[in-house]
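Asker: The following block contains a protein sequence and its predicted model.
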Amino acid sequence: MASTSSVNEKEHLSHFSGRQSEDEHLCKRLLLIFLPQLLILVIFFVYIGLGAFVFVRLDEKIANKNFTEVVLFCFTTLATIGYGNIGPSTTEARCFCLLYTTLGVPLCVVVLGNLSKHLKKAFWMIRICFGGNIRRPMGDTALPLKAVLFLYIVVYMFGCLIYPEDEDPKKFTLRNLYFSVVSFSTVGFGDEYPTPSTWKTFIPMFLYLTVGMILSGMLFNVLHDKMKRIHKIGTKVKGARNVTVWFGSKQMKVAKLLEIVAEEFDAKPREIHEMLHRLDELLEHEVERRESFSESTISIEER
């Protein structure tokens with residue numbers, strides 16, 4: 001009895017230590033995935049705050065504004081929206097602005113790109129988990145057009161609650177739609193711009209502009225892909241028979257290789273022709289896939 005109990009205890013300890021090791025490994029993987037992203041976000045926020053502090057020190061006109069407005073000015077500058085309601089007026093502030101945007105605009109692009117990537121991955125994970133027999137997307141994680149439009153409308157409805165600030169009661173108007181589209185597309189004419197006077201109004205506006213720009217980028221990419229497909233209607237990839245491939249230690253054209261295969265399996269010329277036609281279609285599909293999609297396949301194991 002004692003020996004049996006000892007064996008059970010050893011098995012239990014072994015199972016516990018193995019599970020603990022798996023948990024530690026999972027925690028390390030999560031840290032490796034999320035820590036760099038969080039670090040980039042922290043650097044971006046610090047960069048915006050530091051820029052606002054320096055602009056206030058270098059420019060008296062900017063210093064007269066609410067600090068939250070200056071912070072939003074720094075963000076919209078890095079996001080290339082540039083409403084124009086605030087701008088550097090001194091030589092020192094303008095020189096700093098040149099350096100600030102040179103380093104900050106690429107940083108902003110990286111941050112928005114990472115957030116966009118994670119949003120798309122989260123969408124497909126939810127679809128895979130709750131959508132039944134949905135296959136993992138191959139080669140690209142772009143959201144469907146319907147999903148992007150739905151999220152765009154939801155975000156716009158949220159924006160109607162925070163802009164314009166002076167409108168009460170809040171409602172859907174052409175004014176806030178115009179502001180949203182101009183801001184999300186980073187056009188930023190400057191005839192409509194937010195003026196958050198407190199952090200309570202700044203944070204929702206900051207989140208609204210960030211998510212809106214991400215969704216606009218997704219929408220433009222989806223529309224661009226669809227336009228490219230429309231443009232390619234009727235075009236075919238030709239010349240597969242003349243492609244040179246390695247077969248064993250020799251180089252030969254696909255047509256010659258298929259002739260050898262035809263002789264070996266006693267295939268008819270018509271069957272060879274159909275095979276070449278099918279090869280053209282496969283090459284065309286591969287070219288479209290490589291041109292249209294730039295991101296890798298979603299890896300369920302990484303989550």
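Answerer: Sure thing, it's come through.
Asker: Just give the number of residues close to residue 149.
Answerer: By other CB atoms under 10 Å, 14 other residues sit near residue 149. C-beta coordinates here come from the backbone N, C-alpha and C atoms, glycine included.
Asker: In space, what's closest to it - neighbours in sequence excluded?
Answerer: Once flanking residues are discounted, residue 149 sits nearest to residue 219: 7.3 Å by CB to CB, 6 or more residues apart in numbering.
Asker: Over to residue 74?
Answerer: Nearest non-adjacent residue to residue 74 (CB to CB, 6+ apart): residue 51, at 4.2 Å.
Asker: ok, the one you found - how many residues close by?
Answerer: The number of residues near residue 51, taken as other CB under 10 Å, comes to 23.
Asker: What mean pLDDT does the helix or strand that contains residue 263 get?
Answerer: Assigned by DSSP states H and E, residue 263 belongs to helix 254-265. For helix 254-265, the per-residue pLDDT values average out at 72.
Asker: Okay, domains of this protein per the record?
Answerer: 2-231, 240-302 (automatic domain parsing).
Asker: Could you pull up phi and psi at residue 52?
Answerer: When read as degrees, to the nearest 10, the backbone of residue 52 gives phi -60, psi -40.
Asker: hang on, the earlier thing: could you report the pLDDT at the residue nearest to residue 149?
Answerer: For residue 219, the predicted pLDDT is 90.
Asker: which element is the residue nearest to residue 74 on?
Answerer: With DSSP H and E as criterion, residue 51 is part of helix 2-58.
Asker: quick one on the thing from earlier: tell me the most buried of the domains of the chain?
Answerer: Stretch with highest mean neighbour count among the domains of the chain: domain 2-231 (a mean of 15; mean count of other CB atoms under 10 Å).
Asker: rewinding a little: just the local confidence number for the residue nearest to residue 74, please.
Answerer: pLDDT recorded at residue 51 is 96.
Asker: Name the SS class of the residue nearest to residue 149, please.
Answerer: helix (DSSP: H, G, I helix; E, B strand; the rest coil).
Asker: any idea how far residue 172 is from residue 71?
Answerer: Distance, residue 71 to residue 172, using CB to CB, to the nearest Å: 28 Å.
Asker: Repeat that for residue 179.
Answerer: According to CB to CB, residue 179 and residue 172 sit 12 Å apart.
Asker: Equivalent analysis for residue 81, please.
Answerer: Residue 81 is 22 Å from residue 172, by CB to CB.
Asker: could you pull out the helices for the stretch 51-200 of the chain?
Answerer: 60-63, 67-78, 91-130, 145-159, 174-184, 199-231 (DSSP state H, counting those that start in this stretch).
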